[in-house]
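A.B. asks: pasting the sequence and the predicted coordinates here, then a few questions.
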Amino acid sequence: MSVETKKMANSIVAGGGDFLERLKSWPDKVKAFYNDVRTEMRKVTAPTWKEVRGTTTVVIITVFIFAAYFGIIDFIINKAVTAMFGYFRVH
């Protein structure tokens, strides 16, 4: 929970004012929130094509490494379980 949300929740619980006063201040709070969002969105930048290619390459390579790792582990566990069932098989 953010600090702003806690402050609003505490003011509501504490009865920090009349309900009508809080209702009247609502448009100002919405306007302030909208302005904060606009300010933060101005800071956002899109990645360059070179960055997109680089991170995509890293993701693809990582996926193949994990696939190989889990494939090997799965093969080993499969062989171990099959051998165990073979050992305990009732004749």
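C.D. replies: Yep, that arrived. Numbering: from 1, shown residues only.
A.B. asks: chain center to stretch 52-69: distance?
C.D. replies: How far stretch 52-69 lies from its chain's middle: 20 Å, per CA atoms, centre = their mean, to the nearest Å.
A.B. asks: how does this structure divide into domains?
C.D. replies: 3-42, 46-91 (automatic domain parsing).
A.B. asks: and the ones you listed as a markdown table, adding mean neighbour count and mean pLDDT?
C.D. replies: Yep, even glycine has a C-beta here, placed from its N, CA and C like the rest. Below are the domains of the chain laid out as a markdown table (neighbours: other CB atoms under 10 Å; pLDDT from 0 to 100):
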| stretch | mean neighbour count | mean pLDDT |
| --- | --- | --- |
| domain 3-42 | 10 | 78 |
| domain 46-91 | 9 | 95 |
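A.B. asks: residue ranges of the helices in this protein, please?
C.D. replies: Ranges of helices in the chain, per DSSP state H, are 3-13, 19-42, 49-87.
A.B. asks: now find how far off-centre the last one is within its chain.
C.D. replies: When you say that, I think you mean helix 49-87. Helix 49-87 has its C-alpha centroid displaced from the chain centroid by 23 Å (CA atoms, centre = their mean).
A.B. asks: quick check: which helices or strands does that helix pack against?
C.D. replies: Applying 3 or more CB pairs under 8 Å, 6 or more residues apart in numbering; DSSP states H and E, we find helix 49-87 packed against no helix or strand.
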